[in-house]
Every structure is written in structure tokens, then in C-alpha cells.
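In: Build me a structure from this.
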Amino acid sequence: MSLSLASVQSWNLMEIDAPAGTRDPVVVHSGNEARAVLIALNPGQVMGDHQVKENAWVTVLEGTVRIGTGGETVDAAPGMLIRFDPDERHSLASDDGARILLLLAPWPGEGHYRGSAA
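Out: Presented below is the predicted three-dimensional model:
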């Protein structure tokens, strides 16, 4: 189904191409309120232990993603939503490939750019 309303923006996240996987994330929207990033994890790709300065929401759109934080891991399937606090360390990996939507808010978070408050 296609959404066509003059007052809203929409994206079909399943049709956006990101052939290089984690090396080719696609920013679908960026504003002061949030940044939305589509990330394709190719089979075997890993986003190693990292953190961001924003609240981070990860939604699994396709495939299975192994998400680790604080020494624990969970296998997240399509439809699962996971939230991380700013500076919370986490990792993502997919053995068979996956597609996720990452929401960062507010954008940019305090301390995102070194030497500035925002």
C-alpha cells in the first residue's frame, strides 16, 4: 500500500537500497527532533560495541539481529523495538542479514559534537 498525503513525509524502508550494509547507512530524515537511519546488516556483519550521545531506538524490520548490552544478548526478530539510553554501550550483529531502523533523539544529543553543548 502506498501512502500519499500532502502534509506528511513517508518512506518505504523495504525498498531503500543500502548495498554496502553497515558501511552504507541511509539517513532518511534528520532534524532537531530526531535522526532516522536505515541500516542494512549484510550476512555476518557486526556493529561492534559502541555508544551514541542520543537516546537510540532500534527497530528490526527484516531478519534477526543479535543485540548485546551489559553482558547480555537477545535475538531480536522483525517487529521488535529496543531502546538504549544516551552513552549506553551496545552491539548489533546478524548472521543471516537484517534491516533495521535506528532513531536517534534528540538530534544531535548533548556532547555529540566535541567541544559543543549540542
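In: Going by C-alpha atoms from here, please, whenever you check contacts or count neighbours.
Out: Fine.
In: which stretches of the protein aren't confidently modelled?
Out: Scanning the chain with the threshold set as pLDDT under 70 gives 1-5, 109, 114-118.
In: Geometric centre of it: which residue is closest?
Out: Centroid-nearest residue in the chain: L102, 2.0 Å away (criterion: CA atoms, centre = their mean).
In: helix/strand/coil for it?
Out: Classification of L102 using DSSP: H, G, I helix; E, B strand; the rest coil returns strand.
In: Now do the same contact list for it.
Out: Shown in contact with L102 (CA atoms under 8 Å, 6 or more residues apart in numbering): A36, V37, L38, I39, A56, W57, V58, T59.
In: distance of the first one from N55?
Out: With the distance defined as CA to CA, to the nearest Å, A36 ends up 12 Å from N55.
In: Quick check: neighbours shared by the two?
Out: The contact sets of A36 and N55 overlap at L103, L104 (CA under 8 Å, 6+ apart).
In: tally of neighbours for P19?
Out: 13 (other CA atoms under 10 Å).
In: Name the nearest residue to it, ignoring sequence neighbours.
Out: Nearest in space to P19, with sequence neighbours left out and distances taken as CA to CA, 6 or more residues apart in numbering, is A40 at 7.7 Å.
In: Looking at strand pairing, list the partners for the one you found.
Out: In this entry, A40 is beta-bridged to R99, by DSSP bridges.
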